[in-house]
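Enquirer: fold the following, please.
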Amino acid sequence: MDETTTGPHAPATAPQVLPGTPGAPGPAVERAVEEAVGRAVEQAFDDGPRRVTATVVLPCYNEQDHVLAEVERISAALEADGMSYELLVVDDASTDDTLEVLRAAQDRFPRMRLLPFRRNGGAGTARRIGTREARGEIVVWTDADMTYPNERIPELVRAVLDDPSIDQVVGARLTEEGTHKWARVPAKWFIRKFAETLTKQRIPDLNSGLRAFRREVALPYLRLLPPGFSCVTTLTISFLSNQHDIRYVPIEYRKRAGVSKFKFFRDAYRYLLQVLRMVMYFDPLRVLLPVSLGLLVLGGAKLVYDQFTALFSLADNTVLILLSGLLIGMMALLADLIVRSRDSP
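Expert: Below is the predicted model:
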């Protein structure tokens, strides 16, 4: 005797009957089936992660003395605004009591999710994983060192939500309050101008850590983020290079609480290298073609000079300059072809 199984695990081998044929279910049965399927889908959605308007990703590394004050400030601002949100705090394997302080405060902040790392991955890694784990439509990046006006986070989120043409809002700092200020100001100005030249876009603040952006727009670029501080630079250039509009909002920048993890010479070099790498990734002709043309012009001028000063002979260095220009030009065209044939960032 055949056994009949009912419920969610029923086998899907029953014969299909077309509407309008003998034995086909009537309209009432069809409506009942559709309603049952709809309830099942809604139930499956309700059982999944709850979607929210904004997710604030807050990387922390050895911030035990002030991380709780930052969590309170962010939570109070978002609660006052009334939007649905979550605060995703990523502890980057702190060596002090940061993780213990956050765990002890979880009952006070029900909308805070804690994501502890077993080993230190860097600010870029924390932001990348935090963005992937975010449940919000809008993702906010900020720091836990009391430097940024995090009470203005709802303003940045609303700016993205209210204007569909804007995919990212960046808090542009009016002053520089970091360590090695005498060196940071000219170095950042040079790197920013270099990025503006390569992207042909005005960039008031290239590496601000306070920004709000659409998660779905940023997801394809997350794999490009480096593990260090230059991740914010990478996200800015990724958006600008792919026609995603960015709005800049002036903000105040305060002196850092605690000890800075920024190492001037190492991180400034990484910033500059990352700008060059990202522009090469999206538009290699903009970097390589001027170099190629410059060498060809120089080689041509040297060739003319040789004809008048060396009895119409061709100097070895002239040949090297011309060949270098040709080779770099061919590499530029090949790199551009590879970029344009790519399906995704």
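Enquirer: now do the helices in the stretch 1-150 of the chain.
Expert: Assigned by DSSP state H, counting those that start in this stretch, the stretch 1-150 of the chain shows helices spanning 27-47, 67-81, 98-104, 123-133.
Enquirer: next, the closest residue to Tyr253 other than its chain neighbours: phi, psi?
Expert: Excluding the flanking residues, the one nearest Tyr253 by CB to CB, 6 or more residues apart in numbering is Arg173, at 4.0 Å. Heads up, the C-betas are built off the backbone N, CA and C, glycines and all. Here is the backbone geometry of Arg173 (degrees, to the nearest 10): phi -70, psi 140.
Enquirer: surely Arg173 and Arg254 touch.
Expert: No. Using CB atoms under 8 Å as the test, Arg173 is too far from Arg254 to be in contact (9.8 Å).
Enquirer: more neighbours: these two, which one.
Expert: Neighbour count, other CB atoms under 10 Å: between Arg173 and Arg254, Arg173 has more, with 23 against 14.
Enquirer: contacts for the top strand by length along the chain, please.
Expert: As assigned by DSSP state E, the longest strand anywhere in the chain is strand 52-60. Defining contact as CB atoms under 8 Å, 6 or more residues apart in numbering, one finds that strand 52-60 is touched by 67, 70-71, 74, 78, 83-92, 94, 98, 102, 123, 126-127, 130-131, 134-144, 153, 157, 161, 212, 215.
Enquirer: quick one: buried residues of it?
Expert: For strand 52-60, the buried set under the neighbour-count rule, 16 or more other CB atoms under 10 Å, comprises 52-60.
Enquirer: same thing with stretch 219-232?
Expert: The neighbour-count check on stretch 219-232 (16+ other CB under 10 Å) flags 221-222, 224-226, 228-232 as buried.
Enquirer: can you check stretch 188-199 too?
Expert: 188, 191-192, 194-196, 198-199.
Enquirer: find me the pLDDT at Ala28, would you?
Expert: Looking at Ala28, its pLDDT stands at 53.
Enquirer: out of the buried residues of stretch 188-199, who's nearest Ile328?
Expert: Among the buried residues of stretch 188-199, Leu198 lies closest to Ile328 (CB to CB), at 16.4 Å.
Enquirer: distance of that closest one relative to Leu289?
Expert: 12 Å (CB to CB, to the nearest Å).
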